[in-house]
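Q: here you go, sequence then predicted model.
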Amino acid sequence: MLMTLEEIKKKYRLTRDNHTHTIYSRVGPYLHGKGRIIDNARAAVSRGLDLVAITDHGPTDFYGLSMKDLPQMRADIAEALKELSGLEIKLGVEADIVDTPNGLDVPPEDFDRFDFVNAGYHYVPNCRMIANWLSFRLPCPGYVKERLRKQNTERIIRALRSNDIYILTHPGDKAYIDEHAVAKACEETGTLVEINARHRHPDRDDLQIYKTYDVKFAISSDAHKPEHVGRYAESMALALDAGIDPARIVNIEER
Ligand SMILES: [Zn+2]
Ligand SMILES: [Zn+2]
């Protein structure tokens, strides 16, 4: 029998939230992420997390971080650590999967500026954005869908093979992909498959494919507001429903 969300929260704990956004995901005065680094960090402490990562969008995203802000982000993290003992805070990024030589909008020479790099597909220029966007909104002929699926899958696999990516964020969201091929590439490269609390994919069917490969999973809140930091119960329910052994989820432990 499936567990209720309350039962899940009683039995399992999220240890690390490796994917949250802050006001550094912005375009001009519009803040895509609503909280400051200190707000996400305080929320992480109140949810009992050991670690929270600040992973704003890659620099070519409409709401992407500015690489010029990285020193200030490090300073904000140092400031937050002074206030909050016992919490670890990492500076990562959610790079966009695009058509560049390494398949990401973060070039290899910038990887060292982050503690780790997550990557995901988003609607941004230079990634067949319009075709993918339309494919979910207009009747899409089968052959077009299949062509997009092939291109999107190749793009993701190239990014996985060309970089040391920590987590592949919300695979299958916003773009049709071949889950088997992506799962195999995650297996080969040791990349964690994300179970995302904010997006519809990967869903139960997708996860049932991923679990047949030798991959590990990470649950992430993908919080865009501090109150969502550390959200995991719904994702854990989904994972259990898909038959994933909790031992394969790297940031969940039994209380
Ligand atoms: Zn994302
Ligand atoms: Zn995100």
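A: Sure, I can see it. Numbering: from 1, shown residues only. Ligands and ions are numbered 1, 2, ... in the order given.
Q: give me every residue in the stretch 101-250 of the chain lying close to ligand 2.
A: Counting by C-beta under 5 Å from the ion, the residues of the stretch 101-250 of the chain close to ligand 2 are Asp222. C-beta coordinates here come from the backbone N, C-alpha and C atoms, glycine included.
Q: recalculate using a threshold of 8 Å.
A: With C-beta under 8 Å from the ion as the criterion, the stretch 101-250 of the chain meets ligand 2 at residues 118, 120, 169-170, 196, 198, 220, 222, 224.
Q: among those residues, who's most crowded?
A: Across those, neighbour numbers were computed from other C-beta atoms under 10 Å; Ser220 holds the maximum, 31 neighbours.
Q: which secondary structure state is assigned to the closest residue in space to that one that isn't next to it in sequence?
A: Closest residue in space to Ser220, ignoring its immediate chain neighbours: His19 at 3.5 Å, by C-beta to C-beta, 6 or more residues apart in numbering. The assignment at His19 comes out as strand when based on DSSP: H, G, I helix; E, B strand; the rest coil.
Q: state the distance from Val117 to ligand 1.
A: Between Val117 and ligand 1 the distance is 13 Å, computed by C-beta to the ion, to the nearest Å.
Q: right, and the residue nearest to Ser220 touches Glu194 too?
A: Yes. At 7.0 Å, His19 counts as touching Glu194 under the criterion of C-beta atoms under 8 Å.
Q: so what sits against both of the two?
A: 118, 167, 169, 218, 220 (C-beta atoms under 8 Å, 6 or more residues apart in numbering).
Q: flag every residue of the stretch 101-250 of the chain that's near ligand 1.
A: Among all residues of the stretch 101-250 of the chain, those adjacent to ligand 1 (criterion: C-beta under 8 Å from the ion) are 120-122, 169-170, 173, 196, 198-199, 222.
Q: which parts of the stretch 151-255 of the chain are strands?
A: Remark: strands assigned in the stretch 151-255 of the chain by DSSP state E, counting those that start in this stretch are 167-169, 192-196, 217-220, 252-254.
Q: ok, back up a step: in JSON lines: the shared contacts of His19 and Glu194, plus distance to Asp206 and pLDDT.
A: Converted to JSON lines, the shared contacts of His19 and Glu194 look like this (distance: C-beta to C-beta, whole Å; pLDDT from 0 to 100):
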{"residue": "Asn118", "distance to Asp206": "18", "pLDDT": "98"}
{"residue": "Ile167", "distance to Asp206": "15", "pLDDT": "98"}
{"residue": "Thr169", "distance to Asp206": "13", "pLDDT": "98"}
{"residue": "Ala218", "distance to Asp206": "15", "pLDDT": "98"}
{"residue": "Ser220", "distance to Asp206": "15", "pLDDT": "98"}
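Q: what is the nearest of these to ligand 1?
A: Within these, proximity to ligand 1 (C-beta to the ion) peaks at Thr169, which comes in at 4.9 Å.
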